[in-house]
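Asker: the sequence isn't on hand, but the structure is:
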């Protein structure tokens, strides 16, 4: 009968140093390492046991939590720890045996994947890694670096949760991954879905972190500061907008935020307005300077409250103008429920938003976008020269050690850095007139997407399109060494 490689049951039991050592010592003998390091690991495990014995806590998990926050920071600074060649070995044994559950801040500064590789193949963490790796390879759009990060995050989730199989990972575990180490979470999400662990289709990070369901317009109104007398028209409008025009949740939230500010303004400045049908142009025009001031007060980021080139107020007022235009139009339909909420005239028109600075903001944003594109065009030759030099260096390093996986990854990524810049240089020039701001983004986005798609397909096949690479090279750059297969 094989000996166990994981002891998650020890975490919540009363701490007993002898029991902990009795569980870890047989595992140490089975780890993949030489005799010298195994001796150091035994000594480091006993030293860690002594440290845990001196900490407060009834269970091993409580003492480990005290170790993380009181002892581990000093060890990272070199204070009170064992010699440099063995001070992490005891911690490594405790973590890969899953005898205690670490926290994410602790795991962020550890070599998790290297620790797990020491385990025998039948260990739960190694079994999970062997099962997950083929699924990660099937995620065609992911790079090798993202796959490695996804595998590392999956192993860390199992350590944090004390899990013995991948099937125990849930959406809550994915949402708990800190942003600082969240790279690769989308790849992991896709792989877990393909294995049937999550029981759904893959989600990107923003959708994964969203609440479990979308709020209805009535629920949005209930949780907002909108006065009661304005809620019927507000809820009816958002429901009709979702049905007639757009059901995108982000759009609904944007309109909700814009209308909430407006209704609160009316309630404070014009308390005699009894409902949506009683709003007049004077009420709506009075909100324009208030919206500009409010948008400046709620600015975020650098120079908050100082910048005048933000378009937040313009977006709010545009949503309000569309609200009244839609309500008045739909209210004119025979038997429409909007008839009782429609004002006598549209309170806010397009001409009301002219000559108040919004055109200047729009022109300034367009000029900044054009300037960025021109600056990029000027820097492309320098970037291409740097990219091809890095490709040459990585190709030479890979030729020296063709079996080194890290050098193969570096050579492949360096090639695609150069290839993408070559593709951008060969693309058609972009017109930079006053209407081309969105066009610039779309063109460069399309080129980048196409290049990344070719990159993903070629990397998945384990080779690159040499003929395509040569055609780019012949027209734009000197010939470079061929990428490794």
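Answerer: Nice, I can see it. Since the structure is predicted, the reported quantities are computational estimates derived from the model, not experimental observations.
Asker: could you report the neighbour count for residue 141?
Answerer: Number of residues near residue 141 (other C-beta atoms under 10 Å) recorded here: 15. For the C-beta atoms, the positions are set from N, CA and C on the backbone; glycine is no exception.
Asker: now it: how far from residue 342?
Answerer: Distance, residue 141 to residue 342, by C-beta to C-beta, to the nearest Å: 48 Å.
Asker: check residue 244 too.
Answerer: From residue 244 over to residue 342 the distance is 16 Å, taken as C-beta to C-beta.
Asker: which one's more surrounded, these two?
Answerer: Neighbour count, other C-beta under 10 Å: between residue 244 and residue 342, residue 342 has more, with 20 against 10.
Asker: can you tell me the helix or strand for that one?
Answerer: In the assignment (DSSP states H and E), residue 342 maps to no helix and no strand.
Asker: that one touches residue 326, doesn't it?
Answerer: No: using C-beta atoms under 8 Å, residue 342 makes no contact with residue 326, being 9.8 Å away.
Asker: how about the contacts made by the residue nearest to residue 178 when sequence neighbours are not counted?
Answerer: Nearest non-adjacent residue to residue 178, counting by C-beta to C-beta, 6 or more residues apart in numbering: residue 104, 5.2 Å away. Neighbouring residues of residue 104 by C-beta atoms under 8 Å, 6 or more residues apart in numbering: 156, 160, 176, 177, 178, 181.
Asker: for the residues you listed, which one is nearest residue 224?
Answerer: Using C-beta to C-beta, residue 176 comes nearest to residue 224 of the contacts of residue 104, at 28.7 Å.
Asker: I'd like the distance between that closest one and residue 166.
Answerer: Residue 176 sits 16 Å away from residue 166, going by C-beta to C-beta.
Asker: same check, this time on residue 323
Answerer: 48 Å.
Asker: surely residue 178 meets residue 108?
Answerer: Yes: between residue 178 and residue 108 a contact is recorded at 7.0 Å, counting by C-beta under 8 Å.
Asker: give me the element the residue of the chain most remote from its centre is part of.
Answerer: Distance from the C-alpha centroid of the chain, by C-alpha atoms, centre = their mean, peaks at residue 334 (47.9 Å). Of the helices and strands defined by DSSP H and E, none includes residue 334.
Asker: what do you get for residue 122?
Answerer: For residue 122, there is no host helix or strand (DSSP H and E).
Asker: what residue is smack in the middle of the chain?
Answerer: Central residue of the chain (C-alpha atoms, centre = their mean): residue 205, at 4.9 Å.
Asker: before we move on, the earlier item: what's the pLDDT at the residue nearest to residue 178?
Answerer: We have a pLDDT of 92 for residue 104.
Asker: and what of residue 61?
Answerer: With respect to pLDDT, residue 61 has a value of 94.
Asker: and it, how close does it get to residue 417?
Answerer: According to C-beta to C-beta, residue 61 and residue 417 sit 45 Å apart.
Asker: for stretch 57-67, buried residues please.
Answerer: By neighbour count on 16 or more other C-beta atoms under 10 Å, the buried set for stretch 57-67 is 60, 61, 62, 63, 64, 65, 66, 67.
Asker: likewise for stretch 192-201?
Answerer: 192, 193, 194, 195, 197, 198.
Asker: likewise for stretch 360-367?
Answerer: So, applying 16+ other C-beta under 10 Å, buried residues of stretch 360-367: residue 366.
Asker: please name every helix or strand in contact with the longest helix along the chain.
Answerer: Counting by DSSP state H, the longest helix found in the chain is helix 358-400. For helix 358-400, the packing partners by 3 or more C-beta pairs under 8 Å, 6 or more residues apart in numbering; DSSP states H and E come out as helix 312-331, helix 405-426, helix 437-461.
Asker: how about 7 Å then?
Answerer: helix 405-426, helix 437-461 (3 or more C-beta pairs under 7 Å, 6 or more residues apart in numbering; DSSP states H and E).
Asker: least reliable of those going by mean pLDDT?
Answerer: Note on those: helix 437-461 shows the lowest mean pLDDT, a mean of 40.
Asker: which ones among the buried residues of stretch 192-201 map onto helices?
Answerer: 192, 193, 194.
Asker: roughly how far apart are the spatially closest residue to the second one that is not a sequence neighbour and residue 150?
Answerer: Same thing as residue 193. Distance criterion C-beta to C-beta, 6+ apart; nearest residue to residue 193, sequence neighbours excluded, is residue 202 at 4.8 Å. Distance, residue 202 to residue 150, by C-beta to C-beta: 12 Å.
Asker: could you look up the SS state of residue 126?
Answerer: Three-state call for residue 126 (DSSP: H, G, I helix; E, B strand; the rest coil): helix.
Asker: surely it meets residue 118?
Answerer: No: with contact defined as C-beta atoms under 7 Å, residue 126 does not count as touching residue 118 (9.4 Å).
Asker: returning to that earlier point: and the angle for the longest helix of the chain with helix 312-331?
Answerer: 110 degrees (axes from the mean of the first three to the mean of the last three C-alpha atoms, to 10 degrees).
Asker: average pLDDT across helix 358-400?
Answerer: pLDDT averaged over helix 358-400 gives 84.
Asker: what of stretch 46-55?
Answerer: 92.
Asker: ok, and what's touching that stretch?
Answerer: Residues outside stretch 46-55 that contact it (C-beta atoms under 7 Å, 6 or more residues apart in numbering): 15, 17, 20, 21, 63, 66, 67, 71, 82, 90, 91, 94.
Asker: same check on stretch 205-221?
Answerer: Outside stretch 205-221, the residues that touch it by C-beta under 7 Å, 6+ apart are 171, 174-175, 182, 185-186, 189, 231, 234-235, 238-239, 249, 256.
Asker: now it: buried residues?
Answerer: For stretch 205-221, a neighbour-count test (16+ other C-beta under 10 Å) marks 205, 208, 217, 220, 221 as buried.
Asker: so what are the domain limits for the protein?
Answerer: Here the domain parsing of the chain from automatic domain parsing is 8-101, 124-209, 217-356, 362-476.
Asker: to residue 112, which of the ones you listed lies closest?
Answerer: Across the domains of the chain, closest to residue 112 is domain 124-209 (C-beta to C-beta), at 5.4 Å.
Asker: give me every residue that touches residue 23.
Answerer: 7, 10, 99.
Asker: what pLDDT is listed against the residue nearest to the second one when sequence neighbours are not counted?
Answerer: In space, not counting the residues next to it along the chain, residue 10 is nearest to residue 99; the distance is 4.5 Å by C-beta to C-beta, 6+ apart. At residue 99 the predicted local distance difference test score is 92.
Asker: burial of residue 388, as a residue count?
Answerer: Residues near residue 388, counting by other C-beta under 10 Å, number 22.
Asker: that one contacts residue 419, correct?
Answerer: No: if you go by C-beta under 7 Å, residue 388 and residue 419 don't touch, sitting 10.1 Å apart.
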